[in-house]
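Colleague: have a look; sequence and predicted model below, questions after that.
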Amino acid sequence: MAVILGIDPGSRHCGYGVINAVGSKLEYMASGVIRVSTLPFPDRLQVIFTELSAIIDEYHPSEAAIEEVFVGKSNVSALKLGQARGAAMVACSNRNLPIHEYGARKVKKALVGSGQADKKQVQHMITTLLRLSRAPSQDAADALSVAVCHAHTQHSLIRMAGVRTSRRGRMVGH
């Protein structure tokens, strides 16, 4: 059993998603968006750190997965995104969570089958895979997709290593 915190960092909206992965079975636990767009920039970083720390304390994930920074339209935006991502990573590191990083294309490919998938496709797949009654917001869906990508990656690595899990979720060799 692995509780995974997925993070879609942003300097205005920071998505988070928490799933429980037991082998290939995925269970939705929580998701949401930390909205900080109206705050001065230094306060945004503090709120991201504080809110993610509280989420970690509430759900006790064993690992975190975060989307890597991409350089978009402007260098200033990329720098701010990097700082928000840093605040999120420090929240995880401060709680001794191992942090795994994934590029947006890898996440989309793992989830939808195409690195070119759009946000609506990601939302649809997350809703389907986690059997949700309604689609989460785009930022929350992106965060959940990072967590699902990590769960699938870890499950594949375990299978390739020749290890499987018992019905009770314990690791056993072949």
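Modeller: Okay, I see it.
Colleague: just the endpoints, please. Distance across stretch 61-75?
Modeller: End-to-end distance for stretch 61-75, by CA to CA, to the nearest Å: 33 Å.
Colleague: got the buried residues for it?
Modeller: 61, 63-67, 69 (16 or more other CB atoms under 10 Å). Where C-beta positions appear, they are placed from N, C-alpha and C, glycine not excepted.
Colleague: which residues touch that stretch?
Modeller: 2-9, 18, 78, 81-82, 85, 88-89, 92, 97-104, 107, 142, 146-147, 149-150 (CB atoms under 8 Å, 6 or more residues apart in numbering).
Colleague: select from the residues you listed every entry located in helices.
Modeller: Those of these mapping onto helices are 78, 81-82, 85, 88-89, 92, 104, 107, 142, 146-147, 149-150, per DSSP state H.
Colleague: highest neighbour count among those?
Modeller: Counting neighbours by other CB atoms under 10 Å, residue 147 leads the ones in helices among the contacts of stretch 61-75 with 36 neighbours.
Colleague: got a list of what that residue touches?
Modeller: Contacts here follow CB under 8 Å, 6+ apart; on that basis residue 147 touches 4-6, 17-19, 65.
Colleague: which parts of stretch 87-105 are buried?
Modeller: Buried residues in stretch 87-105, counted by 16+ other CB under 10 Å: 87-92, 95, 97, 100, 102, 104.
Colleague: strands of the protein, start to end?
Modeller: Using DSSP state E, the strands found in the chain span residues 2-8, 13-22, 25-35, 63-67, 99-102, 163-165, 171-173.
Colleague: got the ones you listed as TSV, with distance to residue 50 and mean pLDDT columns?
Modeller: Below are the strands of the chain laid out as TSV (distance: least, CB to CB, whole Å; pLDDT from 0 to 100):
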stretch	distance to residue 50	mean pLDDT
strand 2-8	14	97
strand 13-22	11	96
strand 25-35	9	97
strand 63-67	16	97
strand 99-102	18	96
strand 163-165	35	51
strand 171-173	35	49
